[in-house]
Structure formats: C-alpha cells, structure tokens
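In: A structural model of the following input is requested.
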Amino acid sequence: MRIFIGCCSEIVDDQYLENSRKLVQKIAAMEDVDLAFGAYDHGMMGEVYHAFLKQHKNILGVTVDLYKEQLTELKCDKSIVVSTTMERAKELYNHSDVILFLPGGLGTYTEIFSMLEEHRTRMDDKKIFLFNDDFFYTPLLEELYHLYQEHFSSKNVDELIDIESDSEKIIKKIQNN
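Out: Here you go, the predicted structure:
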C-alpha cells in the first residue's frame, strides 16, 4: 500500500510538528506501507520523508518543474516531474492507495480540495484521512459543512473524508484498509 501524506513544507508550530511526527513514525514503521510525497525535504514534509527513509520504504517523489533540482538531493525510488501543482496533486492521488493530510498551509489546502473533488467525481473507494490535530482544520470543516447545508455540495464532507483527531484511530484505520 502506498500512502500520500500531505503536509506543510514550512516550519510549523512545535505542537503540530511533534504530534504529526509521532503519527508518521508509526505509519512508516507499518509493514507494507510505502510513501508518496511532494518531494521536498523541509518542514513537516521533510520529517515525513526521513521517517520513511529510515524504515527503508519505497518512496515516490512528485514535484513540479520549478523544484525538480531538489529531487537530486532526495533518495526516491521513483520520481515524477510535472508542470503544475494541479498535475502534481493528480499524480499523487493516482499513485496512492490511501491519503492522509496533516496540518498544513496553502499547498496542503489546495491538495485537500483537489483530491476531495477527484474522489467525489471518481466515486472510488480510496480512503482520505484528515488529522484534525488540536482542531487545526475545524474552520475548514465548518466551511465545507456550510457548502453542503447551502446546497453547493451534494455530499457532506464526512462522506468524502475521514476526520480524526486521535492519531491511534488513524493508525488502526490505515491498518484495516
């Protein structure tokens, strides 16, 4: 199974960093779980990369032309370079069996929206998890619920994504996938 872990490539608050680090280390230690990621060795994304590298897992790095030189510094088993971030999100979605979003910034939000829409229109059975650590994503979730309530979305957000603030529950759900 290959998991895409979407997260921030910037320096993040220690609380989010530590909670996400613990979760990722447990996922990386799971048997038969490989990584797809945004191919950047910085911030939480770098933590994700190193956790899987330390476990000797297969790593797929997907990046855009602008950052392709950074791929030479990474030890990816396979890499894909695309022109746009939208193509990048689609490649990450296509090459992943499970998707997990950790707290992140604008790029992570972009990936969340594009992958939710891809999931909604494909109607596939791919699992998407959102780690709502310390209610980080609650404002976003409230907006997504609002879209449903106002009939701008035919599906409620919890029909598309598994929202969880307990990292142990995420681990169990990934194991059962």
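In: Longest helix in the protein, please.
Out: Once the chain is assigned using DSSP state H, the helix that runs over the most residues is helix 106-122.
In: Tell me how many other residues surround G6.
Out: Applying other CB atoms under 10 Å, we find 29 residues neighbouring G6. C-beta here means a position set from N, CA and C on the backbone, and glycine is covered the same way.
In: Show me what it bridges to in the sheet.
Out: Taking DSSP bridges as the rule, G6 bridges to F101.
In: Distance check, it against R122.
Out: In this view, G6 and R122 are 18 Å apart by CB to CB, to the nearest Å.
In: what about the strands in this protein?
Out: Under the criterion DSSP state E, the chain contains strands at 2-6, 34-37, 59-64, 78-82, 98-101, 127-131, 162-164.
In: Could you give the separation of the longest helix of the chain from the chain centroid?
Out: Taking CA atoms, centre = their mean, to the nearest Å, one finds the center of helix 106-122 at 10 Å from the center of the full chain.
In: next one: stretch 167-177
Out: The answer for stretch 167-177 is 15 Å, by CA atoms, centre = their mean.
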